[in-house]
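Undergrad: Would you be able to build a 3D model of this:
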Amino acid sequence: MNLKTARAYKIKLSLKEFWEIEDTNTAALYLKRWYFWATHSRLEPIKEVAYLIKRHWDGIIQFTTSRINNGLLEGINSLIQATKRKARGYRNTKNLISIIYLTCSKLHMDLPKAFV
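TA: The predicted model follows:
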């Protein structure tokens, strides 16, 4: 059992190294070799991850050129959902959209001291 764990850990570490590669051609070749190694590892969880990577191959390779992920979008979506929950409904969608813009922007709206 320990040998399987060690093998799985080596495969995991080698996939972690993939994310450091910046050249698209080198990344594609590295991932292709990693995929072959993972699918022939006789470790079912590793094979499942390899098949998942194969299904999303183009997007994963594209990451090496753009270095963009969807973390920022997920954060904005979280802000929007929180805004909707706080309000418990708006009179119309125009008001909702306005509040979303105000919530998600980085504007600092300091009131004059006379209003505080």
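
Undergrad: Next, count neighbours for R7.
TA: 15 (other C-beta atoms under 10 Å). Using the backbone N, CA and C atoms, a C-beta is placed for each residue, glycine as well.

Undergrad: Just the residues contacting stretch 24-38, thanks.
TA: The contact list for stretch 24-38 (C-beta atoms under 8 Å, 6 or more residues apart in numbering) reads 11, 14-15, 17-18, 21, 46-47, 49-50, 53-54, 57, 60-61, 64-65.

Undergrad: and if we set it to 6 Å?
TA: Here stretch 24-38 makes contact (C-beta atoms under 6 Å, 6 or more residues apart in numbering) with 11, 14-15, 18, 21, 46, 50, 61, 64-65.

Undergrad: In helices, which of these fall?
TA: When DSSP state H is applied, the contacts of stretch 24-38 are split such that 11, 14-15, 18, 46, 50, 61, 64-65 fall in helices.

Undergrad: Kindly provide the distance from K16 to A87.
TA: Taking C-beta to C-beta, to the nearest Å as the measure, K16 falls 42 Å from A87.

Undergrad: Quick check: which ranges of the protein have low pLDDT?
TA: Filtered on pLDDT under 70, the chain yields the residue ranges 1, 115-116.

Undergrad: possible to save the contacts of stretch 24-38 as a markdown table with neighbour count?
TA: Formatted as a markdown table, the contacts of stretch 24-38 follow (neighbours: other C-beta atoms under 10 Å):
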| residue | neighbour count |
| --- | --- |
| I11 | 18 |
| S14 | 14 |
| L15 | 19 |
| F18 | 17 |
| I21 | 15 |
| I46 | 20 |
| A50 | 21 |
| I61 | 15 |
| T64 | 20 |
| T65 | 11 |
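
Undergrad: still on that earlier bit, want to try CSV for the ones in helices among the contacts of stretch 24-38, with distance to C104 as columns?
TA: Formatted as CSV, the ones in helices among the contacts of stretch 24-38 follow (distance: C-beta to C-beta, whole Å):
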residue, distance to C104
I11, 40
S14, 39
L15, 34
F18, 33
I46, 39
A50, 37
I61, 31
T64, 29
T65, 28
